[in-house]
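S.K.: fold the following, please.
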Amino acid sequence: MKGAVVNNQDGAKKFAGLLRKLKKSPLPDPDQSKDAVEVLIKSFLIWDSTTAKASAAYKRIMDRVVDYNDLRVTMAHEMVEWIGPRYPMAKERCQRIRAALQHTYKREHAVSLDRLHSLGRREVKHYLRSLDGISPYVADRVTLLCFEAHCVPVDDRLRQALIAAAVCDDTVTVNDLSSWLARQVKAANSTATHYALQAWSDQPGSGGSVGTSSRRRTATVSKKKTAKSRGLV
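M.R.: Coordinates of the predicted model:
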């Protein structure tokens, strides 16, 4: 479906119209944090969830740990208890957070991504995408907000919302959709576009709910990656 997305002029027009509509609504307050690890954790919590749920979950987590290194050595099942077992994909999400922090520590000898500011944007994106436990949405959101690289983070909630809005069809993948959206948006507008799309997909009526079948597909793929290549044990 990649080629169809790239050449879908009707989808491009509908997406442009959607952005015009979203620009008339007030944008949510941007994340003021410049700490890439903080944004990484928050992005894991927002991924296939909502901003409101993620903000509450982040506060509950950080109220119970001393610092990021303390969180790194926290077991995933403890984090699940903190955010609540009914949080979307709670167990997998917490496993991924722990795996990413562990891998960061292994690489940097600290739970810090400060060194990435000395790298080029392509190197940053490659580094983040290669972290254990990472998802494309999380990697792209950190790359965009902390390192000012041009991208549009997409998770399955946003994908479902754009399908419902007839911008794309249900055969497009998250990665292909993210690449296509980035070509529809100027680099200078990518951050504002991300916040607008996130706020839109957060809304119950946007069509951005991840259905049971979608969650099942995600979980099946994730389990394979978890066991074989992401170190989520």
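S.K.: where does residue 176 land on pLDDT?
M.R.: Listed pLDDT for residue 176 reads 95.
S.K.: ok, how many other residues are close to it?
M.R.: Around residue 176 there are 19 other residues, counting by other CB atoms under 10 Å. Quick note: C-beta positions are derived from backbone N, CA and C, even for glycine.
S.K.: over to the one 10 residues further on?
M.R.: The number of residues packed near residue 186 is 9, by other CB under 10 Å.
S.K.: helix or strand with the lowest mean pLDDT in the chain?
M.R.: In the chain, no helix or strand scores lower on mean pLDDT, DSSP states H and E than helix 212-225, which sits at a mean of 40.
S.K.: would you map the helices across the chain?
M.R.: Counting by DSSP state H, one finds helices in the chain at the ranges 2-6, 9-23, 36-46, 51-62, 68-72, 76-83, 90-108, 121-129, 136-147, 156-164, 174-184, 190-202, 212-225.
S.K.: so which of those helices gets nearest residue 29?
M.R.: With CB to CB, the closest approach to residue 29 among the helices of the chain belongs to helix 190-202: 8.7 Å.
S.K.: now the closest one: buried residues?
M.R.: Across helix 190-202, burial judged by 16 or more other CB atoms under 10 Å covers 190, 191, 193, 194, 195, 196, 197, 198, 199, 200, 201, 202.
S.K.: could I get the residues you listed as TSV with pLDDT and distance to residue 151?
M.R.: Formatted as TSV, those follow (pLDDT from 0 to 100; distance: CB to CB, whole Å):
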residue	pLDDT	distance to residue 151
190	95	7
191	94	10
193	95	10
194	96	8
195	94	14
196	94	15
197	95	12
198	94	13
199	92	18
200	94	18
201	92	16
202	91	20
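S.K.: make a markdown table out of the helices of the chain and add distance to residue 114.
M.R.: Rendered in a markdown table, the data for the helices of the chain read as follows (distance: least, CB to CB, whole Å):
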| stretch | distance to residue 114 |
| --- | --- |
| helix 2-6 | 35 |
| helix 9-23 | 33 |
| helix 36-46 | 7 |
| helix 51-62 | 19 |
| helix 68-72 | 12 |
| helix 76-83 | 24 |
| helix 90-108 | 8 |
| helix 121-129 | 12 |
| helix 136-147 | 10 |
| helix 156-164 | 29 |
| helix 174-184 | 26 |
| helix 190-202 | 21 |
| helix 212-225 | 27 |
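S.K.: could you work out the end-to-end span of stretch 163-179 for me?
M.R.: End-to-end distance for stretch 163-179: 16 Å, by CA to CA, to the nearest Å.
S.K.: off-centre distance for that stretch?
M.R.: 16 Å (CA atoms, centre = their mean, to the nearest Å).
S.K.: return the set of buried residues in that stretch.
M.R.: For stretch 163-179, by 16+ other CB under 10 Å, it's 163, 165, 167, 168, 172, 174, 176, 177, 178, 179.
S.K.: which members of those are the farthest-apart pair?
M.R.: 165 and 179 (18.5 Å).
S.K.: what about residue 93, neighbour count?
M.R.: 24.
S.K.: ignoring the adjacent residues along the chain, who's closest to it?
M.R.: Once flanking residues are discounted, residue 93 sits nearest to residue 44: 6.1 Å by CB to CB, 6 or more residues apart in numbering.
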